[in-house]
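Undergrad: Sharing a model prediction with you, sequence too.
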Amino acid sequence: NDLLYTGGTLYVGGSFTGAGGTATQSVARYSGGAWGTITGGTVNAFIFDFERNPAGTIFTAGAFTSAGGTATARFVATLIADKWGTLAGGTLTDIPYALLFSSLGTLYAAGQFTGAHGSAARYVARHVNGAWGTLIGGTVNAPATLVTEAPDRSLFVGGGFTVAGGSIANLIASYNGTWGTLGAGLRPATGAIYGINIGADGRAYVLGRFSTVGTMAGTDTGIWNGASWTPMAAGLGTSGAGVYRILTRANGNIIAAGDFSNSGARLLPSYMAIWQGAAWVPIDVLFPPNPQTSGNFTPGVFCIVESPEGTLYVAGNFSGTAEAPTVANLVNGGGAAAYPTIRLRNTAATGTARVFQAANTLTGDVIYFDLNLLPSEQVTINLSPGSRTITSTNRGNILSSVIGGSNLATWRLLSGTNTVSVFA
């Protein structure tokens, strides 16, 4: 359900009973190339979220009623130097799904609880100065699933609610001491919000299970710019699928993960996709199609996190061997950039072959395709400046197979060794 990377250690929380051959329930750590347990013990049920404060304390939220053998660590616990503890001021009456440690030093919780250590903190609560309390201005009318902080230090709260602070707020609301609405919100009312991420552009990227963004059709993803909503192209998935995590990487790329397999008519084979500003495109890895069948879990990717070194860690319901792109080192021996001609061919006499992207990791240029090669079909990609073309032996000009956001105009080989990959 969640990943946290801190101090060279990856913490994993969810629903499992072992990691790397070691028995451990619901929580594990990965460091130095090996899996391990928490020295102070484990929890007795699901973990939904981790949150870390600047002092290094890890706050944990979940369905557990004991942590490290401490029965008072119910639903929320602290982890300091591998030892479990409780929060001063008691705990919540029921499960929290998300935690936020704000830039002002307040811990917020969102979930299905209806009280916090004697206070009437319903669905959203705050913990400050050693005590739980309510939010000024009221609360929401149904369980909340997440809380996150905007650049101006206001909060975004998402969940299954339709009212926040007495005002109509469909699935999402803002809070800065008083509750506010985000336009018409998201619908239907039976939908859910699983993630809100603030992009490098300052806009809020929202995902979950919904079909209407503001007043427009939008499948499971939408952008709030502070004044209005915009769908994210054809969205992700179809009815019944969900988008569970969204991450803005250090390089600015926005990545979404879930149990979806498409964006409109475009195939997305890896339960993950990259937003290119105009379209969702596949990430360059193919996860194995063999999910674990125990429990009520669909195959998919449920959480992602990036380390400071740029490593992307992924967790979900998949099992087996992942597939990566074909990679080659191409040497440009000249002193200037070179513009090659690339040929791709489906060598099979029967059956199609899908092409997703061609990338040069040296330059960062990527050409994304929505292309299915027919049996024995060959495609020629001419990257000569001023005359860039993509032609097929079967269909002629197929320049329209290039997806928006591609670097077709700049794709080149720099002087020296270029690492080029083709994901097909």
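TA: Everything's here; your move.
Undergrad: Please count neighbours and contacts with C-alpha atoms only from this point.
TA: OK.
Undergrad: Helix or strand with the lowest mean pLDDT in the protein?
TA: strand 22-23 (a mean of 86; mean pLDDT, DSSP states H and E).
Undergrad: Centre of the chain to that strand, how far?
TA: 27 Å (CA atoms, centre = their mean, to the nearest Å).
Undergrad: which residues touch that strand?
TA: Here strand 22-23 makes contact (CA atoms under 8 Å, 6 or more residues apart in numbering) with 17, 35-37.
Undergrad: likewise stretch 391-398?
TA: Contact with stretch 391-398 is made by 377-381, 389-390, 399, as judged by CA under 8 Å, 6+ apart.
Undergrad: can you put the residues you listed in a markdown table and add secondary structure?
TA: Shown next, in a markdown table, are the contacts of stretch 391-398 (DSSP: H, G, I helix; E, B strand; the rest coil):
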| residue | secondary structure |
| --- | --- |
| Glu377 | coil |
| Gln378 | strand |
| Val379 | strand |
| Thr380 | strand |
| Ile381 | strand |
| Thr389 | strand |
| Ile390 | strand |
| Leu399 | helix |
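Undergrad: And the residues you listed, which is closest to Thr9?
TA: Ranked by distance to Thr9 (CA to CA), the contacts of stretch 391-398 are led by Ile381 at 43.2 Å.
Undergrad: isn't that closest one right next to Arg343, touching?
TA: Yes: contact criterion CA atoms under 8 Å: Ile381 and Arg343 qualify, at 6.2 Å.
Undergrad: Looking at the two, which is more packed in?
TA: Comparing Ile381 with Arg343 by other CA atoms under 10 Å, the one with more neighbours is Ile381, at 19 against 13.
Undergrad: from what I can see Leu3 touches Ser26, true?
TA: No: look at Leu3 against Ser26 with CA under 8 Å: they stay out of range, at 11.8 Å.
Undergrad: which residues do these two both contact?
TA: Joint contacts of Leu3 and Ser26 (CA under 8 Å, 6+ apart) are 12-13.
Undergrad: what's the closest non-adjacent residue to Gly36?
TA: Arg29 (5.3 Å; CA to CA, 6 or more residues apart in numbering).
Undergrad: Okay, and the beta partners of the one you found?
TA: Note on Arg29: beta-bridge partners Tyr11, Gly36, judged by DSSP bridges.
Undergrad: show me the contacts for it.
TA: 9-12, 35-38.
Undergrad: and which of the residues you listed is nearest Gly183?
TA: Val12 (35.8 Å).
Undergrad: Can you tell me how far that closest one is from Asp94?
TA: Note on Val12: its distance to Asp94, by CA to CA, to the nearest Å, is 22 Å.
Undergrad: who has more neighbours, the two?
TA: Set Val12 next to Asp94 and count neighbours by other CA under 10 Å: Val12 wins out with 23 against 20.
Undergrad: Need the per-residue pLDDT for that one.
TA: According to the prediction, Val12 has pLDDT 96.
Undergrad: I'd say it and Thr6 touch.
TA: No: with contacts counted by CA under 8 Å, Val12 stays clear of Thr6, the gap being 11.4 Å.
Undergrad: Now a ChimeraX select for only the buried ones of the contacts of strand 22-23.
TA: The buried residues among those can be selected in ChimeraX (16 or more other CA atoms under 10 Å) with this line:
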select :35,36,37
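Undergrad: could you redo the contacts of stretch 391-398 as a markdown table and give each row pLDDT and distance to Ala359?
TA: Shown next, in a markdown table, are the contacts of stretch 391-398 (pLDDT from 0 to 100; distance: CA to CA, whole Å):
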| residue | pLDDT | distance to Ala359 |
| --- | --- | --- |
| Glu377 | 97 | 21 |
| Gln378 | 97 | 19 |
| Val379 | 97 | 16 |
| Thr380 | 97 | 16 |
| Ile381 | 96 | 13 |
| Thr389 | 96 | 17 |
| Ile390 | 97 | 16 |
| Leu399 | 96 | 17 |
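Undergrad: farthest-separated two in the residues you listed?
TA: The span of the contacts of stretch 391-398, defined through CA to CA, is set by Glu377 and Thr389 at 16.4 Å.
Undergrad: out of those two, which sits in the busier spot?
TA: Neighbour count, other CA under 10 Å: between Glu377 and Thr389, Glu377 has more, with 19 against 16.
Undergrad: what residues are up against that one?
TA: 345-347, 392-394.
Undergrad: Report the buried members of the residues you listed.
TA: Among the contacts of Glu377, those classed as buried by neighbour count (16+ other CA under 10 Å) are 345-346, 392.
Undergrad: can you list those in TSV and add pLDDT?
TA: Formatted as TSV, the buried ones among the contacts of Glu377 follow (pLDDT from 0 to 100):
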residue	pLDDT
Arg345	95
Asn346	96
Ser392	97
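Undergrad: Which ones among the residues you listed map onto strands?
TA: 345, 392 (DSSP state E).
Undergrad: could the buried ones among the contacts of Glu377 go into TSV alongside distance to Gly316?
TA: Shown next, in TSV, are the buried ones among the contacts of Glu377 (distance: CA to CA, whole Å):
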residue	distance to Gly316
Arg345	33
Asn346	32
Ser392	38
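Undergrad: Now do the strands in the stretch 251-400 of the chain.
TA: Listed in chain order, the strands of the stretch 251-400 of the chain (DSSP state E, counting those that start in this stretch) span 254-258, 262-263, 266-267, 272-275, 280-282, 300-306, 312-317, 326-332, 341-345, 353-360, 365-373, 378-382, 389-392, 396-397.
Undergrad: winner for burial among those?
TA: Counting by mean count of other CA atoms under 10 Å, strand 280-282 has the highest mean neighbour count of the strands of the stretch 251-400 of the chain, with a mean of 27.
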